[in-house]
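Colleague: Turn this into a structure:
(one chain, ligands or ions: 1)
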Amino acid sequence: ARVDKGGHKHFMAKEIAEQPVAIDRALRAYLGSEDGRQLPEDLDFTTVDRLTMVACGTGYYACLVAKYWFEQIAKMPVEVDVASEFRYREPPVSPNTMGLFVSQSGETADTLAALRYMEGKAAQIVGLVNVQESSIARESDVVLPLHAGPEISVASTKAFTCQLVILLMMALKAAQQRGHPLPDGLPEDLRALPGLIHQCLSLDAQIKDAARDLAKAQDIIFLGRGVLYPLALEGALKLKELSYIHAEGYASGELKHGPIALIDEKVPVVVMAPRDALFEKTVSNMQEVMARGGKVILVTDAEGARVAGDGTHEIITMPQVPDALAPILYAVPAQQIAYYTAIAKGTDVDQPRNLAKSVTVE
Ligand code: G6P
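Modeller: Numbers count the residues shown, from 1 in each chain. Take a look at the predicted model:
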């Protein structure tokens, strides 16, 4: 069937708005609901001594988030790389390595080549793909479909959040199989995600305001720490892809090792900081930015806004969420910032110049 924009101006807007439904589908497929469906039984982490995750673009950032989860929750050694590097750097692979390949299309040439490299080393191959009839799905030992539904816009949105949700469920399963306690409230809290994402969608009025300012900038920096660091990378990637404004994502702790030299009143800084254990540290990095005249757009929760909102240029107030779920929720403002900045600039949101949805050549 032909997919249409369902009344939205762009496929991207439609796909952002579909996230509560898409995530609900992914949860139902794997969380073990009334119908008993759950993660595939042959997804077995018990004898895995190393998890290697490989992807390109936005999928790579999903892997970077998942690295924190697999390490912290399942206590597994994790390696993450972009496929174009992994495939040529001749990494040693033990037979007890699990190779996890994350790809919306299932056809990205570099990711497929990386998969074949690992397969040649007798590692267990797991594919997390949106398109079920794809090369990566066919060549994986275990396939997990994303259930995001067709994604048309070049910039990935609902596939990214579905990747995150499923990767978190996988980390929880790994923890269980390896005898580690699950974080408080999980996996039950996952069921609240569709509703929470829905709440985030209504923040778009605030984000439109911020975007009008961002559209005037030449450079924009995104900062995050811990599990929000990859979200800073993703926010910057989306923004540069869609609006053609130069954007860089940085780990907040690295600010003083370089990017702080760029800060003046013309460089807006988007700070992704839920009130988690690392909040105070991120806030002190944010204050270093403000002390140099930098305009801060703080994405945080109500408590974060209350304690650290002073002096910021704009605050986007997110719902309160358990720490592990924050990167899934903060993906929404990252997407909307890019979307509305592109609208303010008048660029082609669904088909940004020079980019392709699926890169099937090297
Ligand atoms: C292209 C797309 C991105 C995507 C990346 C990886 O660059 O424009 O949106 O994240 O490829 O694609 P994949 O299908 O492997 O997830």
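
Colleague: use CA for all of it now, contacts and neighbours both
Modeller: Fine.

Colleague: Wait, Lys158 touches Met12, no?
Modeller: No. Taking contacts as CA atoms under 8 Å, Lys158 lies outside contact range of Met12: 9.2 Å.

Colleague: Please say which of these two ends up with more neighbours.
Modeller: Lys158 (30 against 25; other CA atoms under 10 Å).

Colleague: The closest residue to that one other than its chain neighbours - how many residues pack around it?
Modeller: By the measure of CA to CA, 6 or more residues apart in numbering, the closest residue to Lys158 outside its immediate chain neighbours is Gln19, 5.3 Å from it. Number of residues near Gln19 (other CA under 10 Å) recorded here: 25.

Colleague: Got the phi and psi for Gln19?
Modeller: When quoted as degrees, to the nearest 10, the phi and psi of Gln19 stand at phi -60, psi -40.

Colleague: Which residues are in contact with it?
Modeller: Counting by CA atoms under 8 Å, 6 or more residues apart in numbering, Gln19 touches Ala148, Lys158, Thr161, Pro194, Ile197, His198.

Colleague: The fifth one - that's part of a helix, no?
Modeller: Pointing back at Ile197 there. Yes. Per DSSP: H, G, I helix; E, B strand; the rest coil, Ile197 lies within a helix segment.

Colleague: ok, now how distant is Lys158 from Pro187?
Modeller: 20 Å (CA to CA, to the nearest Å).

Colleague: With Gly258 instead?
Modeller: 39 Å.

Colleague: Compare these two (neighbour count), which wins?
Modeller: A direct count of neighbours by other CA under 10 Å for Gly258 and Pro187 places Pro187 higher, at 14 against 9.

Colleague: how close does the most centrally placed residue in the chain sit to the ligand?
Modeller: Centroid-nearest residue in the chain: Ala62, 4.2 Å away (criterion: CA atoms, centre = their mean). To the ligand, Ala62 is 10 Å away according to CA to the nearest ligand atom, to the nearest Å.

Colleague: Counting by contacts, list what the helix or strand that residue falls within packs against.
Modeller: In this structure, Ala62 sits in helix 57-72 according to DSSP states H and E. If contacts are counted by 3 or more CA pairs under 8 Å, 6 or more residues apart in numbering; DSSP states H and E, helix 57-72 sits against strand 50-55, strand 78-82, strand 97-103, helix 158-177, helix 229-243.

Colleague: Can you give the contact residues for that helix?
Modeller: Residues contacting helix 57-72 (CA under 8 Å, 6+ apart): 53-55, 76-82, 102-104, 156, 160, 163-164, 167-168, 171, 174-175, 226-228, 230-231, 233-234, 237, 324, 327.

Colleague: Now do that helix against strand 78-82: the angle between them, please.
Modeller: For helix 57-72 against strand 78-82, the angle by axes from the mean of the first three to the mean of the last three CA atoms, to 10 degrees is 170 degrees.

Colleague: Tabulate the CA atom coordinates of helix 57-72 in PDB.
Modeller: Presented in PDB, the C-alpha positions along helix 57-72 are these (Å, rounded to 0.1, in the frame of the first residue of the first chain):
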ATOM      1  CA  GLY A  57      24.000   7.300  11.000                       C
ATOM      2  CA  THR A  58      21.200   7.500  13.500                       C
ATOM      3  CA  GLY A  59      21.300   3.700  14.200                       C
ATOM      4  CA  TYR A  60      24.900   4.200  15.400                       C
ATOM      5  CA  TYR A  61      23.600   6.600  18.000                       C
ATOM      6  CA  ALA A  62      21.000   4.200  19.200                       C
ATOM      7  CA  CYS A  63      23.900   1.700  19.700                       C
ATOM      8  CA  LEU A  64      25.800   4.300  21.700                       C
ATOM      9  CA  VAL A  65      22.900   4.700  24.000                       C
ATOM     10  CA  ALA A  66      22.500   0.900  24.300                       C
ATOM     11  CA  LYS A  67      26.100   0.600  25.300                       C
ATOM     12  CA  TYR A  68      25.300   2.400  28.600                       C
ATOM     13  CA  TRP A  69      22.400   0.100  29.200                       C
ATOM     14  CA  PHE A  70      24.200  -3.200  28.400                       C
ATOM     15  CA  GLU A  71      27.100  -2.100  30.600                       C
ATOM     16  CA  GLN A  72      25.200  -0.700  33.500                       C
END
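
Colleague: Would you indicate which residues of that helix are buried?
Modeller: 58-70 (16 or more other CA atoms under 10 Å).

Colleague: Tell me the one among those residues nearest to the ligand.
Modeller: Thr58 (3.9 Å; CA to the nearest ligand atom).

Colleague: got the residues of the stretch 101-250 of the chain near the ligand?
Modeller: Ser103, Gln104, Ser105, Gly106, Thr108, Val154, Ala155, Ser156 (CA under 6 Å from any ligand atom).

Colleague: If you drop the residues flanking it in sequence, what lies closest to the third one?
Modeller: For Ser105, ignoring the flanking residues on the chain, the nearest one in space by CA to CA, 6+ apart is Val131 at 5.4 Å.

Colleague: count of neighbours near that neighbour?
Modeller: 21.
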